[in-house]
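Visitor: Here is the input, now give the coordinates:
(one chain, ligands or ions: 2)
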Amino acid sequence: MRTFISFNEALSEVLDRVRLVEAERIPLSEALGRTLAKDVVSSDSIPPFASSAMDGYALRAEDLTGAGGTLKVIEHIPAGRMPQKTVGVGQCARIMTGAPIPKGADTVVPVEWTQEDQEVVDIDRGAPLGVHVRPAAEDVCVGDIILREGDVVTPGGLGMLASLGCISPLVRKRPRIGIISTGDEVVPPSAQPEMGQIRNSNGPTLQALAGVFGASCMGYVHAKDDPKDIQRAIESQVETDLLIIAGGVSVGQHDYVKTVLEKMGMAMHFWKVRQRPGKPLAFGTIGKLPILGLPGNPVSSAMCFSIYGRRAIDTMLGKANLGGAQLQATMNAPMKKVPELHYFSRGIAFMRSDGTLEVGPAGAQGSNLLGSVLKANCIIHLPADQSKVGPGTKVTIELLPWTDLNPV
Ligand code: AMP
Ligand code: MG
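Guide: Ligands and ions are numbered 1, 2, ... in the order given. Predicted coordinates:
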């Protein structure tokens, strides 16, 4: 087992041991936010036919002079109906937006340029060739790769899949995350804590994060600081793709999690990482099940899951980019930092009026102060080799999924 390793070493240990989850076909109506398991190649053109972009008249541009002209109206073409006639010299067809362009016509003039009387229309100006005609396949050609394996289905992606008739896309199953909170002092959120007890915030926070990061989590299980109870909780969560255990991984007298896991046959890969928060982070596997042991402090567990858990989920989903979007920002306040530890500080980033990003700490950074997670819209990465962090320091921030970078 390795100990006191760097953030990057710890991350590789975890990502090397999580597996791509299986694929499944789901109805298009459920595809939003899901990750595609296969490239989507278009078998159609979009738009499928050349159509009018305006309500007006489809005609041959060469039949008009710069001052317009007078043409015979041979047909009316509403959207959804195929034209029946070919537009010849001196002719045009009244056409609605979205209707197919009739044979012979190459241009559409809007109704505002015209006056129609008894199947004859006067057009008050000339029209450039092709104007107001939407060409076929302008958006998508047959054979185009519309979306790639690993892409998340967005509302626009869903609309495109619908346009192509992909009604049951192949997506990755949601990775199943098991969550166990531990501690004799921890009582359910519904309980009135007695002196010395606290309500369970890790369970709900980690479950919520798992959902936000695209995983499936049925809930959380709580275990007392008792080897038997910890084992019972673990056994109830082995049918998962990643097991998270929060608390009980430090060196306290009642921190039984590691001992129980080892008794259950866990191969321990690392314990302790040069990072803050989350130094006592532990990672092992029982068979193929990866198990992340997070420190119990609410900030440590939320941050370790947001960094390691999120990247593990992204890897299981086959995404190309792991974790939240990373951007450069300028610090607006000093932050204390111990050298040689990688920091995951909670930050509030916003966009200045000049379009650059500014970031500052989201309140006090103690690993027990969940308020910083409440306020944060990003994680400020301060690498191990960085020592001083003051106003003006350029830092990398990682956006949290609920981030909104409105200017202030
Ligand atoms: P531990 O890692 O078990 O030593 O816990 C570290 C700190 O986190 C202690 O102050 C615990 O009371 C607190 N803690 C542990 N589990 C939870 C939880 N589920 N919800 C809130 N705080 C917790
Ligand atoms: Mg504990």
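Visitor: What's the local residue count around residue 266?
Guide: As a burial measure, residue 266 scores 21 neighbours (other C-beta atoms under 10 Å). Yep, even glycine has a C-beta here, placed from its N, CA and C like the rest.
Visitor: again, but for the one 3 residues further on
Guide: Here the count is done by other C-beta under 10 Å, and residue 269 has 19 residues near it.
Visitor: what helix or strand is it on?
Guide: Per DSSP states H and E, residue 269 falls inside strand 267-273.
Visitor: Ok, residue 178 next?
Guide: strand 177-182.
Visitor: hmm, back to that, pairing partners for the strand holding residue 269, with directions?
Guide: strand 2-5 (parallel), strand 282-286 (antiparallel) (DSSP bridges).
Visitor: for it, what is the average pLDDT?
Guide: Averaging pLDDT along strand 267-273 gives 96.
Visitor: any residues touching that strand, and which ones?
Guide: Contact with strand 267-273 is made by 1-7, 9-10, 13, 17, 249, 258, 261-262, 279-286, 293, as judged by C-beta atoms under 8 Å, 6 or more residues apart in numbering.
Visitor: and if you look at stretch 106-113?
Guide: 52-61, 64, 68, 95, 101, 123-125, 127-133.
Visitor: shouldn't residue 18 be in contact with residue 314?
Guide: No. Residue 18 lies out of contact with residue 314 (C-beta atoms under 8 Å); the separation is 9.6 Å.
Visitor: Of those two, which one has the most company?
Guide: residue 314 (24 against 21).
Visitor: and the nearest residue to residue 4 once chain neighbours are set aside, how many neighbours?
Guide: Leaving aside its sequence neighbours, residue 4 sits nearest to residue 272 (C-beta to C-beta, 6 or more residues apart in numbering; 4.8 Å). If you count neighbours by other C-beta under 10 Å, residue 272 ends up with 19.
Visitor: Check residue 94 too.
Guide: Around residue 94 there are 20 residues (other C-beta under 10 Å).
Visitor: Run through the residues of the stretch 51-200 of the chain sitting next to ligand 1.
Guide: 181, 183, 185-186, 198, 200 (C-beta under 6 Å from any ligand atom).
Visitor: Among those residues, name the buried ones.
Guide: 181, 183, 186, 200 (16 or more other C-beta atoms under 10 Å).
Visitor: residue contacts, the residue nearest to the second one when sequence neighbours are not counted?
Guide: Translated: residue 183. Sequence neighbours aside, residue 247 is the residue nearest to residue 183 in space, at 4.9 Å (criterion: C-beta to C-beta, 6+ apart). Residue 247 makes contacts with 181-183, 186, 202, 257, 294-296, 301, as judged by C-beta under 8 Å, 6+ apart.
Visitor: same question, residue 373
Guide: Here residue 373 is in contact with 205, 298-299, 302-303, 346, 362 (criterion: C-beta under 8 Å, 6+ apart).
Visitor: Please name the nearest non-neighbouring residue to it.
Guide: Using C-beta to C-beta, 6+ apart, the closest residue to residue 373 is residue 302 (4.9 Å).
Visitor: I figured residue 340 was touching residue 275, is that so?
Guide: No. Between residue 340 and residue 275 there is no contact under C-beta under 8 Å: 10.0 Å.
Visitor: Tell me which of the two has more neighbours.
Guide: It is residue 275, of residue 340 and residue 275, that has more neighbours when counted by other C-beta under 10 Å, with 22 against 11.
Visitor: For burial, what's the neighbour tally of whatever residue of the stretch 201-350 of the chain ends up closest to ligand 1?
Guide: Closest residue of the stretch 201-350 of the chain to ligand 1, C-beta to the nearest ligand atom: residue 296 (2.5 Å). Residues within reach of residue 296, counting by other C-beta under 10 Å, total 25.
Visitor: can you tell me which residues contact it?
Guide: Contacts of residue 296 were listed using C-beta under 8 Å, 6+ apart, and they are 181-183, 202, 246-250.
Visitor: what does residue 162 give?
Guide: residue 28.
Visitor: how close does it sit to residue 371?
Guide: Using C-beta to C-beta, to the nearest Å, residue 162 is found at 43 Å from residue 371.
Visitor: Repeat that for residue 388.
Guide: Taking C-beta to C-beta, one finds residue 388 at 26 Å from residue 371.
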